[in-house]
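K.L.:
Give me a model of this one.
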Amino acid sequence: MADYYATGAVSVSNGGTTVTGSGVVWSTVQAGDTLELAGQRVTIAAAPVSPYTSLTLAVAWTGTTQSGAPYVIRYDAPARFTAGYLATQVRELVAKAAVIEAARPSYGVVSVGSNTPPGSPVTNDMYVVGTSPTGAWSGQANNLAQWTGSAWQFTAPTGGTTAVSEATNGVYIFSGTAWNLYVAPSSFIATLMDDADADAARTTLGAFAASGVSSFGAMLIDDADAATARATLGAFAASGVSSFGATLIDDADAAAARATLGLTPTTGTSTPTPTAASGTLTTASSSLKYEKVGTRVRLTGTVTVTTAGTGVGELLCTIPFTCGSNAATSGNAREVLITGVGCVVTILGGQSYLRIARYDNATVIADSRTVLFEITYDAAS
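P.N.:
Numbering: from 1, shown residues only. The predicted model follows:
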């Protein structure tokens, strides 16, 4: 353990004996320790009590009034250097090391995200502290808190640390800045994960069948040039080439062949103003790009919420072509930041807008959030 404490800031009035802390937990301070502030050192009269955010000086503060000032509490009370006290410290360090070792590689916790310490904690119970903790957990946002039987012991997680909640049976992974619920891939996504290449993925997705391209036409689409396309067509010469196939033979290049097949893409951009599923966004914008081949539309873009206002839930954004009457279409979305949340984007049949939602069903809307998405769907025409 360090021989001092300097987290947060303090305030004290000239002539006063009460020191108030901000962002502090003085649970380890003892009577006789020393407060070092504004060039002066004053002895602390008594050990602080819960919630450990104020202390009493042995003599009145003779310096100028301080507000939100940096400080240091030196752990130099005479009682700290007795043989009994040092033995207790050693036992606590050994116990802490044993707790951490036993918890690897994943922590079992009572709950994730609570900001208020339980009133009657059970010895050895562990919690993942929320982002706005209070009381004895103040200043310990996102840390692991374990009750030793007499005090709270805190452990800072590292990126990749996992915790399993007894309350929800959910598995949470710490990204380095936040705890995120792990969501297993859907059965549909799982069917794509073992596809060896793009051809196999297209077969799984039924991409050509959905857009009306025959298996024969599909053989031509990935040909690099007209010569390759003609070679592909030549394979059918023995059995006779149809009049449709003949229209491809004199095409000068791949672009002309795609035009004959009706596969020349239409591209463009749009910048619709996003809305919220509930409430009103104060400031939001989008930048969309699309490529349309037949009725198949590939849509990519970003949706940015500058100021969320009262908006919560899903983000809604108008699309350039109304979705056909088929079932819901889904795609991928993720916050632009590397530690961003995972999302899903959907378009329901017959609708002219898309929905962006978080995988854990929490609101995706927040100030200064940009979500990148990609989705492919069939337009109504």
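K.L.:
list the contacts for residue 135?
P.N.:
Applying Cβ atoms under 8 Å, 6 or more residues apart in numbering, we find residue 135 in contact with 50-51, 116-117. Bear in mind the C-beta positions are built from the backbone N, C-alpha and C, glycine included.
K.L.:
which SS class is residue 304?
P.N.:
strand (DSSP: H, G, I helix; E, B strand; the rest coil).
K.L.:
Confirm that residue 371 sits in a strand.
P.N.:
Yes. Residue 371: assigned to a strand according to three-state DSSP.
K.L.:
Surely it touches residue 364?
P.N.:
Yes. Between residue 371 and residue 364 a contact is recorded at 6.6 Å, counting by Cβ atoms under 8 Å.
K.L.:
Mind listing the shared neighbours of those two?
P.N.:
Common neighbours of residue 371 and residue 364 (Cβ under 8 Å, 6+ apart) are 315, 343, 356.
K.L.:
top of those by neighbour count?
P.N.:
For the shared contacts of residue 371 and residue 364, the largest number of neighbours (other Cβ atoms under 10 Å) sits with residue 315, at 30 neighbours.
K.L.:
quick one: residue 225 and residue 250, what's the gap?
P.N.:
From residue 225 across to residue 250, the span is 14 Å (Cβ to Cβ, to the nearest Å).
K.L.:
nope, residue 181 is what I was after
P.N.:
58 Å.
K.L.:
care to break this structure down by domain?
P.N.:
4-80, 83-181, 188-263, 267-378 (automatic domain parsing).
K.L.:
okay, those domains in JSON lines with mean pLDDT next?
P.N.:
Listed next are those as JSON lines, based on pLDDT from 0 to 100:
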{"stretch": "domain 4-80", "mean pLDDT": "95"}
{"stretch": "domain 83-181", "mean pLDDT": "85"}
{"stretch": "domain 188-263", "mean pLDDT": "70"}
{"stretch": "domain 267-378", "mean pLDDT": "91"}
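K.L.:
show me the residues around the closest residue to residue 358 other than its chain neighbours that make contact.
P.N.:
For residue 358, ignoring the flanking residues on the chain, the nearest one in space by Cβ to Cβ, 6 or more residues apart in numbering is residue 364 at 4.7 Å. Residue 364 makes contacts with 313-315, 341, 343, 356-358, 371, as judged by Cβ under 8 Å, 6+ apart.
K.L.:
Got phi/psi on residue 364?
P.N.:
Note on residue 364: backbone dihedrals following degrees, to the nearest 10 are phi -90, psi -10.
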